[in-house]
Every structure is written in C-alpha cells, then in structure tokens.
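*Asks:* I would like to see how this sequence folds:
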Amino acid sequence: MANFVIIVDPDTERRTRFVETIKPLLPPVDGLQTTTEATGDFCAVWASREDAPVSRVADGAGAAVIWGEAIPRESSERLDAARLRDLWREDPALHRPPPLEGFHAAVAYRPGSGVVVGADLLGLFPVYHYAAGEVLLVGSSPELFRHHPAFRAGLDLAGLVGILLTMHSFDGRTLLQGVRRLAAGHLLVWRPGSPPREVQQYAIPVSDRYAHLPFRAHVALLHQVLDEAVARHAPGSGRYSLLLSGGLDSRMLAGYLRRNGVAPVALTLGLPTDIEMRCAIPVARTLGLDHRGVDIAFEQYPRCADLQARWEHLTNGFNDVMHWGIYPHLRGVAPRVITGYLMDAIVGGSHITWAYSPANNAMTFERFFDRINRWGIRPGVLQRLLRREVFGDLVQETIARIREVYQSYADRESQRAWCFDLHHRQRFHVGGGAWALSFGAWPVLPAVDHRVLETVGAMPAATLADRHAQQALLCRRFPRLARLPLDRNAYDTEPLRPRLRYLLVKGLSRQLGLHRLRRVWERRNGERRYYYRIYDINGPGWVAVRRGAEPHRERVLHLFHPEVLAEVLPAPDQPLPCRDGIIDASGAKTLLGFLLWARDHL
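*Replies:* I've put the predicted structure just below:
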C-alpha cells in the first residue's frame, strides 16, 4: 500500500520545501520506502512497501502514478501509468473515461491541462483534496496538508456532526475545513485558476431487470458473476493470503478460490478459544489450505488507536483500530491478501432490512436512520452534548441532508437502503480497513466488481435480504462447506446444512437441558465471541486507549458540554454500561478518537 501526497504549486521553492518537510513524515509504519515523481509544477511523493504494485511515468508530456491494481472493465489486465495518462487525457466532464476496478488510487497530470485523480469503484482507497488559489493538495490522508503554508487549518463543524451521527464521514465532509473526501465513483478534476470539481464516473446501477426470474435463477446468476469476479481479481498466477473468518463471506470466497485453482494461506484473527477460530479451522482443513492464527494483543491497542486517529481523521469511525495491528502478520506471507470485505452487504443484502418496520409493514427512511444512528450518538443526546452557540441547528440540518442523499439513490426503498449502506457504512466502517492492511500486503476485494454490483442491483429485496441467496449459493455450490459449523457472532454455530448426527445431538441436548448448562459454562469461562471480545470498551485494550485519550478531554470543552461528555464517555476508571457491547459503545469510541485527534489539531 501507499500513503501518498500530491502537490501542484507553481512556486518552486515553496513546493520543494513542502515535499522535503513531509518526506520523513510520510511512512505511517516501519518497513516502507519513500519515492518521488515530479515534473513541472507537479510532484507526487509516497511511502510504500517495496513489493507494492505501483506504476509511474514522468516526461515532457506530464506524469501519472497508479498505486495499486487498476483493472479495466471486461478484462483481467492491469493498467499501467502510461496508458492511464492516455485514458485520462481529455476533460472527464466532456469525455467521461470508463471506471476502473481493483483497489487503487491514480493521478494523471498534464502541464497546462491540470490534474485528474481517481480511485476504485466505491472509493475504498482514500483520496482527500484541498485547494487554495494556485495550489492543489491531494493525499491518501489529510494529515500532512497542514505543513503547506497555503493550508488554513480549521474544524469543519458539519463534518464533525456527520461523523458523530453515523460514526463515519458523510457527504464528503471531514474534520478539516476545506478538505473533502473524494466521492465514490467520482474523478477529481482540477485546472490552475479554477476550483476542483468532482465529476461522476460511476454509479451503482439499480434496476428490476431480474425481478421476473425465480429464486433459483437469481442464485445461478450470482454464482456466475462471483466465479468470474474471483478469477478476474485473483488470477491463478498470483500468490495470496486470505483473511478467513468463521463466517459466511470468506468461506464462500475460499470455495471459489479453490474452484479456480488458487490455494491461499488462510489467516484467521483471534485466539484458539474463539468461536471464530473454531469455525475457520475446519474450513481450511476441508479445502486443504495452510492455516495460521493471528492475535492482535490488547497491549497494541493504544498504538493502533494513535495511528487511526492520526492518519484516518475519524473518516472510517473509531471502532476498528485493531486493523492497524494486522499488517505485520501479512508481511512475508504473500504479496496480496484477499478479503471478503463488503461481501455480506453486496451479495447478502445484510442491511436492506434496516429500513423495514414490522409495525407498519413498510420500508422507511426513519427506520433506516434509526439503525445507522445506533452506531453514532442519538440526536437528542448529541444536541445536549454540542454547544448550541457553536453548532446551531447542524444536527437537524445534517439529518435532513442524510435523508436527501438516501432518497437520491433509487425509487425503491430497498434499493435506497442497499446503495446508502454501500456508499457509507460499507465504504468506511468495513472497507476502510483495506488501507491499513495494504501496508502488509495489497488487498484484493472480489465483491467490489462492476458485474457483481450490476447483477445484484437488479434483484429484488426478497432474494437478497437476510442473506437468503448467499446462503443458498453456498449450500448448492459448496455443500461440504455448508455442513461445517458457522460463526454468526453468536454462540449458535449451527451449519447451514447440518448433518443428521448434528441434529440428533442437538435434539437430545435440548431434551436433557444440556444446552443451558453449556451456556452457563461458556459465560463463566470468558467471552468466546471474537467481535464482542475485541470491541469491549471496558476490556483491557480499550481501557488503555481511554487512558491515553483522557488528558486531551479539556481540548474539546469549547465544543461540548462537559457534563454530557462525561455521560457519553466516562473517565477510563468508570465502566461504560452497554446492552450490546459492540453497537452501544460505538458513539463513545468516536468521541474517544476525537479526543486523540484533538491532541494535534485543536
């Protein structure tokens, strides 16, 4: 992976001084090398692994760089920088170039014509931009922009409110005034003397094309496009590791990889006693994969939290700081790491039903917002927390904007929920982890494929919701994997297609009441559900993070009422009561991340 900064500045001395200042600051972690590509007023500088897939070109005609794998549609070929520069030679607003797949970011520069910057289909690779007069700054993080004298630092109040409501960035806003996160499916176009423009290049297609087909046909279509996507994004000639959980997504992905002749090294996060690990091991054994466990110790959480606050600026929330502890375990295994990120939301439709209200048997924005806001801070609490003389009516104005964006995606409520989830929660909370992984190995995400998105976007909610089609697909195409215990982030690990022996033992256990005794034993012997264990805000890892952030509480009191802040985020020695240890602590963790961010920015 690469942490990059692009600058266009006609002042040679100022541009050179900025580049020399940020060069030693660019590597977020150890083991990276710094590279520069420059021509005319343009300079790109980045820190990456030596084996990271980076293509670059610079000559009298300009420059171009691709960080990652840019894959043209209907092809498995990887684009190089010279061809990209040619592809983007025209103004994208007049001649829209075709979108590129694969986890990547790219830039093309032509003297006199300006700059074009883009990324993968859903904008998982982070791209931030800031312009001031004749100066343009673009980067995979906005952290180093402040070292340029043209940058004017300030807190974006609307950006903060969006993050506190949803636990991730909304509407392209960030914590810094004037800094935008490039919208998914858009190209950044900038010419000297003009403000930057975000030109739409790709939109997730939604339709009713397959609504008339039976469920069996939907499952067959999903199988076809997933099989092709895995072959395109992870061709058999490569070496890979695979993040293999105990759940459905990576299990199905592993099945397709083996079907295509790929045998990745399987890596499972957690402890040997975790249910996640217990369910992943039989999958690896059944498929004949080399399997390794990876544990991110609680002692690493403070360092991971510092990295996330510094380089991500809460764009992706603050729940998954442990992602920054994975990259060392990827190094030396394989140059690429395959993940099932976004698979459950794209193919499984796992959050479509967030918009469904059983009370009135309808899909509504109100119901959907209530679900996403559970991961943030409730509007009533947020209004009490924020100083009105500072924020005014931003809470209600932001909610109104969220509704507007939600309704813009489609005519059907189910498709609105699906698209909003992909563009926000999945892009940031889930897909945001890919950038941290890439400092160990380059991420491959087969689910983020134009044919997969187009096919799923044409299917009815009844097929996708609650993972109906995805479960049927695993049972029909990979029956051996469907017979193995399945992790659902719960103590229930019943296979999708249980054997008769399993059902007999289960029935006998219930008759004798043994299942109740087992639950008591499990609770007494510590948390075995992986995500509940690592997300526990009262656990040792998060308490250590809270202690590190506590000294910075006073830095935000000009924004927040202290008594409400203490209510939402108590001092580290006070347990935070949570009915659901994952969801209910999410808003407090966002505030925790903001305290760490405030250390350097407020």
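
*Asks:* so where's the stretch 401-550 of the chain uncertain?
*Replies:* 503, 505-507, 509, 512-524 (pLDDT under 70).

*Asks:* how's the chain carved up into domains?
*Replies:* Residue ranges for the domains of the chain, per automatic domain parsing: 2-142+179-200, 204-491.

*Asks:* would you turn the ones you listed into CSV with mean neighbour count and distance to L569?
*Replies:* For glycine as for every other residue, the C-beta is placed from the backbone atoms N, C-alpha and C. Output for these, formatted as CSV (neighbours: other CB atoms under 10 Å; distance: least, CB to CB, whole Å):
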stretch, mean neighbour count, distance to L569
domain 2-142+179-200, 19, 24
domain 204-491, 20, 10
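
*Asks:* quick one, helices of the stretch 301-450 of the chain?
*Replies:* For the stretch 301-450 of the chain, the helices defined by DSSP state H, counting those that start in this stretch cover 301-312, 327-330, 343-346, 365-373, 379-385, 388-391, 394-408, 413-421, 433-437, 450-456.

*Asks:* which one of these lies closest to E527?
*Replies:* For E527, the closest of the helices of the stretch 301-450 of the chain is helix 301-312, at 15.9 Å, according to CB to CB.

*Asks:* what lies in contact with the closest one?
*Replies:* 3, 28-29, 126, 141, 143, 296, 316, 318, 320-325, 432, 435-436, 541-542, 544-545, 548-549, 592-593, 596-597, 599-600 (CB atoms under 8 Å, 6 or more residues apart in numbering).

*Asks:* TSV for the domains of the chain, including distance to P575?
*Replies:* Listed next are the domains of the chain as TSV, based on distance: least, CB to CB, whole Å:
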stretch	distance to P575
domain 2-142+179-200	32
domain 204-491	16
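
*Asks:* any idea which of the ones you listed gets closest to A158?
*Replies:* domain 204-491 (5.7 Å).

*Asks:* so how far is the closest one from its chain's centroid?
*Replies:* What separates the centre of domain 204-491 from the centre of its chain is 8 Å, taken as CA atoms, centre = their mean, to the nearest Å.

*Asks:* ok, now stretch 203-220?
*Replies:* The answer for stretch 203-220 is 26 Å, by CA atoms, centre = their mean.

*Asks:* first to last residue in it, what's the distance?
*Replies:* By CA to CA, to the nearest Å, the extent of stretch 203-220 from end to end equals 25 Å.

*Asks:* quick check: longest helix of this protein.
*Replies:* helix 215-233 (DSSP state H).

*Asks:* name the helices or strands packed onto that helix?
*Replies:* The contact analysis (3 or more CB pairs under 8 Å, 6 or more residues apart in numbering; DSSP states H and E) places helix 215-233 against helix 248-259, helix 450-456, helix 468-477.

*Asks:* next, the angle helix 468-477 makes with that helix.
*Replies:* Helix 215-233 and helix 468-477 are oriented at 80 degrees to each other (axes from the mean of the first three to the mean of the last three CA atoms, to 10 degrees).

*Asks:* quick check: which helices or strands does the next helix or strand after helix 215-233 pack against?
*Replies:* Heading C-terminal from helix 215-233, the first helix or strand you meet, by DSSP states H and E, is strand 240-243. In terms of contacts (3+ CB pairs under 8 Å, 6+ apart), strand 240-243 is packed against helix 248-259, strand 265-269, strand 336-338.

*Asks:* check contacts around the residue nearest the centre of the chain.
*Replies:* The chain has G431 as the residue nearest its centroid, 1.8 Å off, counting by CA atoms, centre = their mean. Residues counted as contacts of G431 (CB under 8 Å, 6+ apart) are L122, L124, Y341, L342, L445, V448.

*Asks:* could you rerun that using 7 Å?
*Replies:* Residues near G431 by CB atoms under 7 Å, 6 or more residues apart in numbering: L122, L124, Y341, L342.
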